[in-house]
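1. Pasting the sequence and the predicted coordinates here, then a few questions.
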Amino acid sequence: MTCDQWRSKLDAYVDSVCSDEDLANLEAHFRTCASCAAEALTRLRIKRMTQNAAARYSPSPEFRLRIEESIRAKRKPGWTFAWRPAGMGMAAAAFAVGVLLVVALTLGIQHRERGQALAELVDLHVATLASANPVDVISTDRHTVKPWFQGKLPFTFNLPELQNSSFKLLGGKVTYFEHSPGAQLLFQIRSHQLSVFIFQDSSIFQNRQETLSGITTARELAFNVEAWSEGGLRYVVIGDASPTDVQELGELMRSAK
Amino acid sequence: MSTTEIIMDGENRSTEARFFSRKVNCWAVADHSGESGSFEELAMPLFTRLYNFAYWLAQDRVAAEDLVQETYMKALRGFSSFRQGTNFRAWMYRILRNTFLTSQAGLKSSAAVSLESDEGQVAEPAVAETPETVLLARVERETIENALEELPVRFREIILLCDLEEMSYQEIGETLGIPMGTVMSRLSRARKAMRELLAARSWEAAR
């Protein structure tokens, strides 16, 4: 075997993934070939130094706390109850607790199924507002924002003329829902920011028709939501503005040519 | 003492050979496959390392925090669909990397990707005892940091996953969504690019 062939095995050697046979053969070769031994040592040194140098950045304790709180907040149940069975026999109390648990679980599951799609989109909206860089294309001009999505999404969409409305376009970015790419557009009305999500109306929403079919208005975690389908695309408007504002933005989007 | 001197000494040579054979492993001893546990139990131990990886990708504190925050929120949302028994660490890194690639900084970095194939053979130098190996033996931490920053993202990330995170080639493949052969050829290219940068920086410093 030539030195070039031995060297093709050196990455696996320094990464400790070569076979026992290769390991034994390489070490035998190093005893007779100073050149390959030097090469292996150099690679090992660079790997070690990279290992040390690359452990460079540490998150602040405040940031860690923020993430932990975000996770806890997301895990909190929508509602809870406390009940003390004073004055009742243990069997009756246990039966009553059992009945309540069944009812609570049934309601909880139904609520979760109905609200999951919206809750996920609300999460995306909230994460965007919390971000230091909420949008990737920053422009109030629809003729700048719309072309920015070209080549990034497998579909296109229209943006409304906002000159005679109270809304202002802030920009947009590519987002993902159930691993499918979509557009997230950020609008502002007074001090409220609203997201308009646009995804292909395909398989990703098929199991969620009850939530997002037709022109649906809803409230999810106190956000107002309007959703509809048009031209093979699914649109969802989400924001903490009034239901009238959310509907008005929906109408503007539907009127876009 | 230069690299060549170490190797040519008979006594040291066998010492070095034993040294070489030591399995480089620390973080990797933890079993990351087949995990079970709550999201917090699995995800929070990765927090510092994910942040470090995010910072290396984004090269900016605020962008790194955004990346990590979005990664944790996406992972939490998708945790119910995470298949127990699969590799949680690779899953988290994959989410972070995909989030980066769809961010503004990530789109810029991917636009600059070379069209050169990953599968091609990498030419190796014919002889090791060159001024390069002598220079590389004197490389300092700062030079490594600068070289890592200068590397294209796809080279930087694979070196970080392999050398810092000590992921197996299979885990790297799962994280980057590429086959094992591509992992090996891309890693080889990345290390070659890293060496060239290190040698150039060391040469400048030595002049």
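-> Arrived safely. The shown structure was predicted, so the numbers you read here are calculated from the model rather than taken from an experiment.
2. you'd agree B:Glu65 is up against A:Pro59?
-> Yes: applying C-beta atoms under 8 Å, one finds B:Glu65 in contact with A:Pro59, separated by 7.4 Å. C-beta coordinates here come from the backbone N, C-alpha and C atoms, glycine included.
3. Now do the shared contacts for these two.
-> B:Tyr51 (C-beta atoms under 8 Å, 6 or more residues apart in numbering or on different chains).
4. Apart from its chain neighbours, what residue comes closest to B:Asn98?
-> In space, and not counting its chain neighbours, B:Asn98 is closest to A:Tyr176: 7.9 Å by C-beta to C-beta, 6 or more residues apart in numbering or on different chains.
5. can you give me the mean pLDDT across whatever helix or strand that neighbour lives in?
-> Assigned by DSSP states H and E, A:Tyr176 belongs to strand A:168-177. For strand A:168-177, the mean pLDDT works out to 88.
6. picking that back up, so what pairs up with the residue nearest to B:Asn98 in the strands?
-> A:Pro181 (DSSP bridges).
7. who are the neighbours in contact with A:Lys257?
-> A:Asn158.
8. And it, how far from chain B?
-> Applying C-beta to the nearest C-beta, to the nearest Å, the value for A:Lys257 to chain B is 28 Å.
9. In a strand, that residue, correct?
-> No: looking at A:Lys257 with DSSP: H, G, I helix; E, B strand; the rest coil, it is coil, so not inside a strand.
10. do whichever strand or helix holds A:Arg234 and chain B meet?
-> Assigned by DSSP H and E, A:Arg234 belongs to strand A:233-239. No: Strand A:233-239 lies apart from chain B when judged by C-beta under 8 Å from any C-beta of the partner chain; the minimum separation is 15.2 Å.
11. What is whichever strand or helix holds B:Arg195 packed up against?
-> Under the criterion DSSP H and E, the helix or strand holding B:Arg195 is helix B:180-206. When contacts are defined as 3 or more C-beta pairs under 8 Å, 6 or more residues apart in numbering or on different chains; DSSP states H and E, helix B:180-206 packs onto helix A:10-14, helix A:34-54, helix B:131-136, helix B:141-150, helix B:153-159, helix B:169-176.
12. Could you work out which of these reaches nearest to A:Ala218?
-> helix B:169-176 (37.1 Å; C-beta to C-beta).
13. Report the buried residues of the closest one.
-> Residues of helix B:169-176 classed as buried: B:Tyr169, B:Glu171, B:Ile172, B:Gly173, B:Glu174, B:Thr175, B:Leu176 (neighbour count, 16 or more other C-beta atoms under 10 Å in any protein chain shown).
14. just checking: which of the residues you listed also lie near chain A?
-> B:Tyr169.
15. Now the buried residues of helix B:169-176 in CSV, please, with extra columns for pLDDT.
-> As requested, the buried residues of helix B:169-176 are exported to CSV (pLDDT from 0 to 100):
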residue, pLDDT
B:Tyr169, 93
B:Glu171, 93
B:Ile172, 95
B:Gly173, 93
B:Glu174, 91
B:Thr175, 92
B:Leu176, 91
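16. And the contacts of stretch B:155-166?
-> By C-beta under 8 Å, 6+ apart, the list of residues contacting stretch B:155-166 reads A:15, A:47, A:50-51, A:54-55, B:24-28, B:49, B:52-53, B:56-57, B:93, B:97, B:148-149, B:151, B:167, B:169, B:171-172, B:175-176, B:183, B:186-187, B:189-191, B:193-194.
17. Filter these down to the buried ones.
-> Buried members of the contacts of stretch B:155-166, counted by 16+ other C-beta under 10 Å: A:15, A:47, A:50-51, A:54, B:49, B:52-53, B:56-57, B:93, B:97, B:148, B:151, B:167, B:169, B:171-172, B:175-176, B:183, B:186-187, B:189-191, B:193-194.
18. roughly how far apart are the residue nearest to B:Asn98 and B:Ser103?
-> A:Tyr176 sits 12 Å away from B:Ser103, going by C-beta to C-beta, to the nearest Å.
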